[in-house]
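Student: what follows is a predicted protein model with its sequence.
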Amino acid sequence: QVQLVESGGGLVQPGDSLRLSCAASGRGFSSYSMGWFREAPGKEREFVGYISWSGHTTDYAPSVKGRFTISRDNAKNTVYLQMSSLKPEDTAVYYCAASYGGGSAERRYYAYWGQGTQVTVSS
């Protein structure tokens with residue numbers, strides 16, 4: 001079992017950058033693919049991107065591709081979401097999640113979730 005805690009959210013201006021972290025505790029972090037999702041007010045939770053257990057494979061939603069980058073440090077049991085060129089529409093609660101298997105854009109494949117961290121992009 002894995003426990004996940006996100007951090008790094010906050011209020012930023014359009015065009016700014018922000019890095020979110022997701023710290024994992026428990027066993028087997030390096031065996032999990034890790035995903036990032038976000039949920040804006042009044043909207044369903046949506047896929048942002050994922051990284052494979054090895055870090056060799058990533059995939060992103062079209063809305064963030066080229067602006068967001070996911071990385072991981074298995075020695076630190078941490079996965080990161082580097083966000084740049086932030087837009088107001090990126091405002092949401094961001095969640096990390098762990099999948100014991102290949103990464104996916106579908107929430108149902110993720111067994112463990114963090115509590116989320118708020119990102120607000122506003123001038």
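Tutor: Ah, there it is.
Student: from here on, just use CA atoms for contacts and neighbour counts.
Tutor: OK.
Student: what about the closest residue to residue 73 other than its chain neighbours, distance to residue 54?
Tutor: Here the nearest residue to residue 73 in space, its sequence neighbours aside, is residue 79; by Cα to Cα, 6 or more residues apart in numbering that works out to 6.3 Å. Here residue 79 is placed at a distance of 12 Å from residue 54 (Cα to Cα, to the nearest Å).
Student: quick one: which of the two has more around it?
Tutor: residue 79 (28 against 14; other Cα atoms under 10 Å).
Student: thinking again about what came up before, specify the beta-bridge partners of the residue nearest to residue 73.
Tutor: residue 22, residue 72 (DSSP bridges).
Student: pretty sure it is in contact with residue 22, am I right?
Tutor: Yes. Shown here, residue 79 and residue 22 form a contact pair, counting by Cα atoms under 8 Å, at 5.2 Å.
Student: how about the residue positioned nearest the centre of the chain: what's its closest non-neighbour residue?
Tutor: Geometric centre of the chain, nearest residue: residue 36, 2.6 Å, by Cα atoms, centre = their mean. Excluding the flanking residues, the one nearest residue 36 by Cα to Cα, 6+ apart is residue 96, at 4.5 Å.
Student: tell me which element the residue nearest to the centre of the chain falls in.
Tutor: Assigned by DSSP states H and E, residue 36 belongs to strand 33-39.
Student: could I get the average pLDDT for that strand?
Tutor: Strand 33-39 comes out with an average pLDDT of 98.
Student: over to stretch 108-119?
Tutor: Rounded mean pLDDT across stretch 108-119 is 96.
Student: show the end-to-end separation of it, please.
Tutor: Stretch 108-119 has its terminal residues 24 Å apart, counting by Cα to Cα.
Student: check stretch 67-86 too.
Tutor: Taking Cα to Cα as the criterion, the two ends of stretch 67-86 lie 8 Å apart.
Student: what do you get for stretch 20-40?
Tutor: So stretch 20-40: terminal residues 16 Å apart, Cα to Cα.
Student: in that stretch, what counts as buried?
Tutor: Neighbour-count burial for stretch 20-40, counted by 16 or more other Cα atoms under 10 Å, picks out 20-24, 29-40.
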